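Trainee: A structural model of the following input is requested.
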Amino acid sequence: MDLLFQADDVDGLIFHVEICEDVWAPAPPSDFAALAGALILTNLSASNIVVGKADTRRRLCELQSGRCWAAYIYSAAGYGESTTDLAWDGQACIYELGAQLAETERFSLGSQMAVADIDVERLQLERMRTGTFNEAAIANGMPDRRFRRVTFHLDPPVHNLGLQRRIDRFPFVPNDPSRLDQDCYEAFNIQLSGLAKRLEATGTAKICIGVSGGLDSAHALIVAAKVFDLLGRPRTDILGITMPGFGTSARTKSNAYALMNGLGVTVEEIDIKPLAQQMLQDLRHPFARGEPVYDTTFENVQAGLRTDPKPSCSGPPISGTAWCSAPATCPSSRSAGAPTASATR
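Mentor: Numbering: from 1, shown residues only. Got it, this is the predicted structure:
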């Protein structure tokens, strides 16, 4: 079908209709409708139900909405459909960019409706920043020139209808425990793989990590320890440095030491308070005169010292999770004549 339906009073409400097995075909009409500008793809289906077919439909809708950077609305025939030797489950579902927004109860004896809010602005944005989408349209002869547009007037309600869309409190943390485990497994091993390749490619023998006792540096140190295990290197080639400042508590410092000792890395401490005091005095900061002023300058002086390439004769750039190469400034690295990678926040 070469028709697109576009509302003249709702920006982005452009939809296409395909029928039943269209979406099962190697090149569904909705592919070209999406390239022609349809943001919402719909499927009116008389699909009968057999064991396992509902999951196949879901996968098709999920993939089509993801591949086409679109929303996909699917509705199958339900109870009451004329039949002799077939059955119908009335499956209806709505997907957006590969994520399910709504689905009806299957095998219901009554009429149902799947309702969800589709974020058309999000769809437009994703298409604009995905270069391959426009390239696909060009490669397919600009389908928008072949499709006909039928405009209609929706006259939507102007009062607040409420949000028919779930907004995750933590959008990057899945609610499903099994999916959360999978995402954490992948994120952790992506870091391991990237760091291991970096160390091998640069010939880096030893690394330095600033360990504050907080979550970020703790995670960085655990990743580094695991990488050294994978590469068959001793953990003592990891230099963990804690750099206590004015706000470092005894608990935080003890956590840093407990982690470093527990992982078996080389431990070193650099007290930045004298350097910070001198810098604050040079800046004529009130804290240097004994006044309790803990402003941005006070914090930045300490943060700057922790990221200074030469905080002392024995310190490389300090702390964090973004890895980069640095001169061999660690005492242990100098003695071995090996370059050092440092972690900076």
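Trainee: would you map the strands across the protein?
Mentor: For the chain, the strands defined by DSSP state E cover 3-7, 14-19, 40-44, 71-75, 92-96, 99-103, 148-152, 206-210, 238-242, 266-269, 322-326, 340-344.
Trainee: paired strands for the third one, with orientation please.
Mentor: When sheet partners are counted by DSSP bridges, strand 40-44 sits next to strand 14-19 (parallel), strand 71-75 (parallel).
Trainee: so for that strand, what gets flagged as buried?
Mentor: Buried positions in strand 40-44, judged by neighbour count with 16 or more other Cβ atoms under 10 Å: I40, L41, T42, N43. C-beta: built from backbone N, CA, C; applies to glycine.
Trainee: same list, the strands of the chain, but as a markdown table with mean pLDDT please.
Mentor: Converted to a markdown table, the strands of the chain look like this (pLDDT from 0 to 100):
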| stretch | mean pLDDT |
| --- | --- |
| strand 3-7 | 97 |
| strand 14-19 | 98 |
| strand 40-44 | 98 |
| strand 71-75 | 98 |
| strand 92-96 | 98 |
| strand 99-103 | 96 |
| strand 148-152 | 97 |
| strand 206-210 | 93 |
| strand 238-242 | 94 |
| strand 266-269 | 95 |
| strand 322-326 | 33 |
| strand 340-344 | 38 |
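Trainee: quick one, which of these is packed in tightest?
Mentor: With neighbours defined as mean count of other Cβ atoms under 10 Å, the strands of the chain peak in mean count at strand 206-210, which reaches a mean of 27.
Trainee: ok, that strand: who's next to it in the sheet?
Mentor: strand 238-242 (parallel), strand 340-344 (parallel).
Trainee: hmm, back to that, redo the strands paired with strand 40-44 as a markdown table? Include distance to I49.
Mentor: What follows is the strands paired with strand 40-44, written out as a markdown table (distance: least, Cβ to Cβ, whole Å):
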| stretch | distance to I49 |
| --- | --- |
| strand 14-19 | 18 |
| strand 71-75 | 13 |
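Trainee: which stretch among those strands comes nearest D55?
Mentor: strand 71-75 (12.9 Å; Cβ to Cβ).
Trainee: taking strand 92-96 as reference, get the angle to that closest one.
Mentor: Strand 71-75 runs at 170 degrees relative to strand 92-96, counting by axes from the mean of the first three to the mean of the last three Cα atoms, to 10 degrees.
Trainee: now do strand 71-75 against strand 99-103, angle only.
Mentor: Using the same axes, to 10 degrees: strand 71-75 against strand 99-103 is 30 degrees.
Trainee: the chain should start at 576 in everything you say after this.
Mentor: I'll keep to 576 as the first residue from here, and by that count the last item is strand 646-650.
Trainee: how far out from the middle of the chain is strand 646-650?
Mentor: 25 Å (Cα atoms, centre = their mean, to the nearest Å).
Trainee: and D751, what's its pLDDT?
Mentor: Looking at D751, its pLDDT stands at 86.
Trainee: and if you look at G895?
Mentor: Value for G895, per-residue pLDDT: 36.
Trainee: what of S889?
Mentor: 41.
Trainee: nearest to K628, of the strands of the chain?
Mentor: Of these, nearest to K628 by Cβ to Cβ is strand 646-650, at 12.1 Å.
Trainee: tabulate the buried residues of strand 615-619 in JSON lines, adding columns for distance to C636.
Mentor: Output for those, formatted as JSON lines (distance: Cβ to Cβ, whole Å):
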{"residue": "I615", "distance to C636": "12"}
{"residue": "L616", "distance to C636": "9"}
{"residue": "T617", "distance to C636": "11"}
{"residue": "N618", "distance to C636": "8"}
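Trainee: going by distance to K801, which of those wins?
Mentor: L616 (43.6 Å).
Trainee: which parts of the stretch 576-725 of the chain are helices?
Mentor: Per DSSP state H, counting those that start in this stretch, the stretch 576-725 of the chain carries helices over the ranges 604-610, 628-642, 695-703, 706-714.
Trainee: can you spell out which helices and strands pack onto the first one?
Mentor: The criterion is 3 or more Cβ pairs under 8 Å, 6 or more residues apart in numbering; DSSP states H and E, and the helices and strands that helix 604-610 contacts are strand 589-594, strand 615-619, helix 706-714.
Trainee: rerun at 6 Å
Mentor: strand 589-594 (3 or more Cβ pairs under 6 Å, 6 or more residues apart in numbering; DSSP states H and E).
Trainee: let's see the strand it packs on as PDB, backbone CA atoms only.
Mentor: Written as PDB, here are the backbone C-alpha positions of strand 589-594 (Å, rounded to 0.1, in the frame of the first residue of the first chain):
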ATOM      1  CA  ILE A 589       1.800  10.100  10.200                       C
ATOM      2  CA  PHE A 590       0.900   6.400   9.900                       C
ATOM      3  CA  HIS A 591       0.900   3.600   7.400                       C
ATOM      4  CA  VAL A 592      -1.300   0.500   7.300                       C
ATOM      5  CA  GLU A 593      -0.100  -2.900   6.200                       C
ATOM      6  CA  ILE A 594      -2.100  -6.100   6.200                       C
END
